[in-house]
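*Asks:* Mind folding the following:
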Amino acid sequence: MIWTSLIAQGKRQMWMSLFVATLVAAIYFHFARFYQGSGTFLIFAPGWVAIALFWVRAAGRLLSHLRRHPFSRLDLGLANDQVAPGRAFTIEIQGVARRAVRVSRLSAELRCQRRRSADRDRRGELLVSETQVVDENIDWEPQTSRTFRASLPVEADAPFSFRSMEGRISWSIHVAMTVDDWGEMKDELEVTVAPG
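*Replies:* Numbers count the residues shown, from 1 in each chain. Below is the predicted model of the structure:
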């Protein structure tokens, strides 16, 4: 199984925001020390206030996110990242709830896109989009573990994954979980469709 975390992305964004706030504060501190003088305090004071507020906001958001997050673990597993047309990708979602959670929808989508190098549209042309609702209206008790499985079939005449200087055909699996009073958690995995 190939595993990734559905909750790591949100945590990474919060940690990155705090890291940026700390880096800005360190650079500003070095800059302020370089221009020390009797009148410079009044010049640099508004900057210190703005940086302090930015840092406190970033730290507060991170602590609130970690404290309120409904899951202690939520992982997405992929049995095999390459299949032949006519076969299926098998995914597994495993999680442990930190508190009582209501999951209104858990879905998985198999998507194939064609992108040409000359195209300005980053999305490109959507060739295949098959969405499967894995489960709905799930009441998840605190400190309990649950596992969900889904099979995403690839049509026998589906195009192969392809990459060249002119463009590419890419396949990906998108998983989304909508949690009441929290929002949507989602992730994607790039996969390959190739002969045997």
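*Asks:* Arg114: which element?
*Replies:* strand 101-116 (DSSP states H and E).
*Asks:* Now do whatever helix or strand comes next after that strand and strand 101-116, the angle between them.
*Replies:* The first helix or strand that comes after strand 101-116 along the chain, using DSSP H and E, is strand 125-140. Between strand 125-140 and strand 101-116, the angle formed by their directions is 170 degrees, by axes from the mean of the first three to the mean of the last three C-alpha atoms, to 10 degrees.
*Asks:* So what's the model's average confidence on strand 125-140?
*Replies:* Here strand 125-140 scores 91 as its mean pLDDT.
*Asks:* quick revisit: partners of the strand holding Arg114, with directions?
*Replies:* Strand 101-116 has its sheet partners listed here by DSSP bridges as strand 125-140 (antiparallel), strand 167-179 (antiparallel).
*Asks:* and that strand, which residues are buried?
*Replies:* 101, 103, 106-115 (16 or more other C-beta atoms under 10 Å). Glycine gets a C-beta too; all of them are placed from N, C-alpha and C.
*Asks:* what's the helix or strand harbouring Trp55 packed up against?
*Replies:* In this assignment (DSSP H and E), Trp55 forms part of helix 40-68. Here helix 40-68 touches helix 8-34, going by 3 or more C-beta pairs under 8 Å, 6 or more residues apart in numbering; DSSP states H and E.
*Asks:* model confidence over the helix it packs on, on average?
*Replies:* Rounded mean pLDDT across helix 8-34 is 78.
*Asks:* Measure how it sits relative to helix 40-68, angle-wise.
*Replies:* Using the same axes, to 10 degrees: helix 8-34 against helix 40-68 is 160 degrees.
*Asks:* coming back round to it: how far away from the center of its chain is the strand holding Arg114?
*Replies:* Its chain's average C-alpha position is 12 Å from that of strand 101-116, according to C-alpha atoms, centre = their mean, to the nearest Å.
*Asks:* Likewise for stretch 59-69?
*Replies:* 17 Å.
*Asks:* and Thr144, what does it touch?
*Replies:* 96-97 (C-beta atoms under 8 Å, 6 or more residues apart in numbering).
*Asks:* what's the answer for the one 5 residues further on, then?
*Replies:* Applying C-beta under 8 Å, 6+ apart, we find Arg149 in contact with 90-93, 134.
*Asks:* With Phe160 instead?
*Replies:* With C-beta under 8 Å, 6+ apart, Phe160 has these contacts: 85, 169, 193-195.
*Asks:* for these, which one is nearest Phe44?
*Replies:* Nearest to Phe44 among these is Ile169, at 54.6 Å by C-beta to C-beta.
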